[in-house]
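Q: What shape does this take:
(one chain, ligands or ions: 1)
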Amino acid sequence: MSKASADLVRRFDAVAGMQRVASADRKTRWWITARRCPRCATPWLVGQDEVVHDFWALKRLSDSAVAAITNEAWWPADFDSYGRFLLRAVDADITARFANADELAYDAHRLEDLSPDMHACDKARALGEDLADYQRLLTLPPE
Ligand SMILES: [Zn+2]
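A: Numbers count the residues shown, from 1 in each chain. Here you go, the predicted model:
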């Protein structure tokens, strides 16, 4: 196993071993959960993309933020935009290249729905595509 794969497995284990405290809305923000480290009980906001890039992002939560999430369903906005969340992966150079880019048609349509405020070129970059390919994906059926 290469060093990069070992690091990826370690990161996956670190997130997968965490205890889920709460999940954001499953339909509109399925990539966001609140979790707790099983060793030190530190609470984390976890953004998790296993569809496009295989990428996780974590932000330490305060106890008051955990209480707001569990008691009032108030979530920090850090990972709210799906398109901007995917761009974090691209900016961290954790990107997937699809052998058959047409498989991204569903994701392109979903990005249009979830991140209408983003420029098309940023949405293209979030999927690791250039603008022309992104626009071509939008002409394909979403399935
Ligand atoms: Zn810990």
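Q: What helix or strand is T33 located in?
A: In this assignment (DSSP states H and E), T33 forms part of strand 32-36.
Q: And the average pLDDT for that strand is what?
A: For strand 32-36, mean pLDDT rounds to 95.
Q: This structure against the ion: which residues are in contact?
A: Counting by C-beta under 5 Å from the ion, the residues of the chain close to the ion are C37, R39, C40, T42. In this view, the C-beta of every residue, glycine as well, is placed from N, C-alpha and C.
Q: Looking at those, state which has the most neighbours.
A: For the residues of the chain next to the ion, neighbours were counted using other C-beta atoms under 10 Å, and C37 has the most, 16 neighbours in all.
Q: Hmm, M18 and that residue touching each other?
A: Yes. The pair C37 / M18 is scored as a contact, 5.9 Å apart, by C-beta atoms under 8 Å.
Q: R88 versus A24, what's the distance?
A: Distance of A24 to R88, given as C-beta to C-beta, to the nearest Å: 16 Å.
Q: Sorry, slip of the keys, the one I care about is V52.
A: Relative to R88, and taking C-beta to C-beta, V52 is found at 12 Å.
Q: who's more crowded, the two?
A: Using other C-beta under 10 Å as the criterion, V52 and R88 rank with V52 on top: 22 against 18.
Q: Touching both of C37 and M18, which residues are there?
A: Counting by C-beta atoms under 8 Å, 6 or more residues apart in numbering, the common neighbours of C37 and M18 are W44.
Q: returning to what we had before: can you state the direction angle for the helix or strand just after the strand holding T33 and strand 32-36?
A: Next along the chain after strand 32-36, taking DSSP H and E as the criterion, comes strand 43-49. Interaxial angle of strand 43-49 relative to strand 32-36 (axes from the mean of the first three to the mean of the last three C-alpha atoms, to 10 degrees): 140 degrees.
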